[in-house]
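Chemist: Below are the sequence and a predicted model; questions follow.
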Amino acid sequence: MAVILQIGPKGRTSLDIARDMLSRYGGLVGLLAADRASLTENTGIGEAKAARFVGMKKLSQWHMLEGLQSKDILTALKQLEIICAQNSGTARYLVVYFLTIDTML
């Protein structure tokens, strides 16, 4: 988190800000569920840093989803569980559909 933030406001480091945010959101899962508006409520986080963080979060989610295509089913389900946990704070309900195709016809 501190690496993404790069610098903090005068008198504070990016590490200080990262620690405050992790504490405020109850850890990494809560922080990853935070939306851009909520992020900007933190001292030292403006629109640019919030946008950078949200962009990093989306890129990592896309990376994980692409990895689902090349993994065995148990590994893919575990990665899907992580993605769902990251997004559960932004939606009231999360619906996941699975389509299985039997190729042994």
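Modeler: Nice, I can see it. Numbers count the residues shown, from 1 in each chain.
Chemist: Every contact and neighbour count from this point should use C-alpha atoms.
Modeler: Will do.
Chemist: how far away is the residue lying closest to residue 42 once chain neighbours are set aside from residue 65?
Modeler: Nearest residue to residue 42, sequence neighbours excluded (CA to CA, 6 or more residues apart in numbering): residue 21, at 7.2 Å. Distance of residue 21 to residue 65, given as CA to CA, to the nearest Å: 26 Å.
Chemist: Between these two, tell me which one has more neighbours.
Modeler: Just comparing residue 21 and residue 65: by other CA atoms under 10 Å the higher neighbour count belongs to residue 21, 20 against 15.
Chemist: list the buried ones in the longest helix seen in the chain?
Modeler: Criterion DSSP state H: the longest helix present in the chain is helix 47-68. Neighbour-count burial for helix 47-68, counted by 16 or more other CA atoms under 10 Å, picks out 49, 50, 51, 53, 54, 61, 64, 68.
Chemist: Over to stretch 1-20?
Modeler: In stretch 1-20, counting by 16+ other CA under 10 Å, buried: 5, 7, 8, 14, 15, 17, 18.
Chemist: Quote the end-to-end distance of it.
Modeler: For stretch 1-20, the separation between the terminal residues is 11 Å (CA to CA).
Chemist: just stretch 31-46 next, same as before
Modeler: End-to-end distance for stretch 31-46: 16 Å, by CA to CA.
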